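Novice: Build me a structure from this.
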Amino acid sequence: MSRLIKNLFALIPAFTYRRSHLAPPVQEPLLANNAADSTVILGAGIIGLSTAYSLSEMSKQTIYIVDPASKACVGASGQCEGAIGDFGVENELSPLNQLSYELYQQLAEQQSGKETFGYSGMDVHALSSHGFNSSDPHLPWPVQEPEDISNLPAWLKVPRGWVAGLIANQTHCARLDPPKFCRFLQKECESRGVRFLFNTTALSAATDASRRTLTGIKVLNKGSKKAMNIPCKNIVISAGSWSEKVFSTLFPSSRLRIPSTEQQPAQDWIRLKIKKPRRSEAGTKGSCQQIWLSADSEDLDIHMSSFLDGEFYAAGGFVDLSDIPDTPDKVTSPSHVTDIIEQNTREFLALGLGETVQAVGSGRALLPRLTTNLPIMAKAAWDDLFPSKTKLQEHSSPIAARPVGDDSDVAGGVFVSTGHYLDGFALGPASGKVVSELITGQSPSVDLSNFGFPKADEESGDSRDN
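Specialist: A predicted model of the protein is given here:
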């Protein structure tokens, strides 16, 4: 839900909140020796984990997840607010968002979502110092109806003269605790035999040009400095803001490209805890609550929300980064920025007698944005990946008689799932499902015609609002 996840992220930097939340599993020896039975997923964020989860349901093949960080979901996937819903999307992403919301609901029902990963309905409110209008730049969606201050959560301190409005109720909106959900996905994947290789980067892809197939991928463990070859017939690139770099490293001669914006957007956030036992539920109705602030002061550009465990999340505005670190766990938030967010958040928390606020986490979430403002979820055509090899075959093999881009006889291939920008977490389950369907040769549950590799004249579109 494109605008719902504005400031709610979805998907890749340093995660400082409880850094032990996703401890890396023991890295087992590589056992697969049959490329026809293996898929390597590059990126251990919500998109990569969701792809492995769905693919392990659809196929018995061996699955690897490779990531340069020391654990899964150290980026935006583990740092986002975890808001999901079925409203606020009116563009090409709407069917995908609806599917993802349904998949989240199914998982919550099947896996005791409240206890397992903090699943709860969530009400979305607006609080304004000057009233509401449909073009308020501080609000991601318009207010649906005025709201009495008494309907707001008990933890919120409302300044005198401010007014409230309801944006969405928990019939259409929910939230999860992202670290807990990522941990759940990782454990589920491990239980199905998915192998994780952390502190590991991809170096090159091996192919059989005569058969137009992948045969493996060479990776390097940064700790041991040892390279290894993983036999595989499929490679999935789901590395968030690093996807363009990974793709060009593996396929330097490709005619395709992942058109990342020159500057990648990021958002700073904090997580707070009240230092004293208080309400057993975070909201006035036993659910989570989200508050968007609309103030005359540009310095008060934050929104905040509650978790079921009584903790609070707050995020500020966006910053654009020209240079990004080599790996997601090296992205950090300047302390003076999170200090401002924390100070502003404290002003709106209604503390009881003897209660104090403690910061338990902070960070900067880097959001993978493409120039088209839409994600790519597609299989790369062999002729576009290896135009030079295709050219050689024109003089030596009858295979070249096929139309360019016809991969009807190609087993496996290269799949890309990236550029989800504000919606990575919200669209994770659906993205994993449809890409897994592509890998296994099934018809995607959602029409993916809008999410292919862009043509040169399509790389500056603007399909989603900022």
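Novice: how about the strands of the stretch 151-300 of the chain, start to end?
Specialist: Using DSSP state E, counting those that start in this stretch, the strands of the stretch 151-300 of the chain run over 163-168, 173-175, 195-197, 200-208, 213-221, 227-231, 234-237, 264-274, 288-294.
Novice: Ignore what I typed, I meant the stretch 1-150 of the chain.
Specialist: Counting by DSSP E, counting those that start in this stretch, the strands of the stretch 1-150 of the chain are 38-42, 62-66, 83-85, 120-128, 145-147.
Novice: and if you look at the stretch 301-450 of the chain?
Specialist: 303-306, 312-321, 357-366, 376-380, 413-418.
Novice: wait, which of these is closest to residue 330?
Specialist: Residue 330 sits nearest to strand 357-366 of all the strands of the stretch 301-450 of the chain, at 10.4 Å, using CB to CB. From N, CA and C alone the C-beta is placed, and that goes for glycine too.
Novice: before we move on, the earlier item: any chance of the strands of the stretch 301-450 of the chain in JSON lines, plus mean neighbour count?
Specialist: Output for the strands of the stretch 301-450 of the chain, formatted as JSON lines (neighbours: other CB atoms under 10 Å):
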{"stretch": "strand 303-306", "mean neighbour count": "26"}
{"stretch": "strand 312-321", "mean neighbour count": "20"}
{"stretch": "strand 357-366", "mean neighbour count": "21"}
{"stretch": "strand 376-380", "mean neighbour count": "23"}
{"stretch": "strand 413-418", "mean neighbour count": "25"}
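Novice: can you put the ones you listed in JSON lines and add distance to residue 175 and mean pLDDT?
Specialist: Supplementary listing: these in JSON lines, determined by distance: least, CB to CB, whole Å; pLDDT from 0 to 100:
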{"stretch": "strand 303-306", "distance to residue 175": "7", "mean pLDDT": "93"}
{"stretch": "strand 312-321", "distance to residue 175": "9", "mean pLDDT": "91"}
{"stretch": "strand 357-366", "distance to residue 175": "16", "mean pLDDT": "92"}
{"stretch": "strand 376-380", "distance to residue 175": "24", "mean pLDDT": "97"}
{"stretch": "strand 413-418", "distance to residue 175": "23", "mean pLDDT": "97"}
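Novice: got JSON lines for these, with distance to residue 74 too?
Specialist: Shown next, in JSON lines, are these (distance: least, CB to CB, whole Å):
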{"stretch": "strand 303-306", "distance to residue 74": "22"}
{"stretch": "strand 312-321", "distance to residue 74": "17"}
{"stretch": "strand 357-366", "distance to residue 74": "9"}
{"stretch": "strand 376-380", "distance to residue 74": "22"}
{"stretch": "strand 413-418", "distance to residue 74": "17"}
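Novice: pLDDT weak spots in the stretch 1-150 of the chain?
Specialist: 1-36 (pLDDT under 70).
Novice: meant to ask about the stretch 351-466 of the chain
Specialist: Using pLDDT under 70, the flagged stretches of the stretch 351-466 of the chain are 389-411, 456-466.
Novice: where exactly do the helices run in it?
Specialist: Along the stretch 351-466 of the chain, counting by DSSP state H, counting those that start in this stretch, helices occupy 382-385, 387-393, 424-439.
Novice: CA atoms of the last one as PDB?
Specialist: I take that to be helix 424-439. C-alpha atoms of helix 424-439 as PDB (Å, rounded to 0.1, in the frame of the first residue of the first chain):
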ATOM      1  CA  GLY A 424       9.000  -3.500   0.800                       C
ATOM      2  CA  PHE A 425       7.600  -4.800   4.100                       C
ATOM      3  CA  ALA A 426       3.900  -4.400   3.000                       C
ATOM      4  CA  LEU A 427       4.600  -6.200  -0.300                       C
ATOM      5  CA  GLY A 428       7.000  -8.800   0.900                       C
ATOM      6  CA  PRO A 429       4.800 -11.900   1.000                       C
ATOM      7  CA  ALA A 430       3.100 -11.300  -2.300                       C
ATOM      8  CA  SER A 431       6.400 -10.400  -4.000                       C
ATOM      9  CA  GLY A 432       7.900 -13.700  -2.700                       C
ATOM     10  CA  LYS A 433       4.900 -15.600  -3.900                       C
ATOM     11  CA  VAL A 434       4.800 -14.300  -7.500                       C
ATOM     12  CA  VAL A 435       8.600 -14.600  -8.000                       C
ATOM     13  CA  SER A 436       8.400 -18.100  -6.800                       C
ATOM     14  CA  GLU A 437       5.600 -18.800  -9.300                       C
ATOM     15  CA  LEU A 438       7.900 -17.400 -12.000                       C
ATOM     16  CA  ILE A 439      10.700 -19.700 -10.900                       C
END
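Novice: what angle separates it from strand 38-42?
Specialist: Relative orientation of helix 424-439 versus strand 38-42 (axes from the mean of the first three to the mean of the last three CA atoms, to 10 degrees): 150 degrees.
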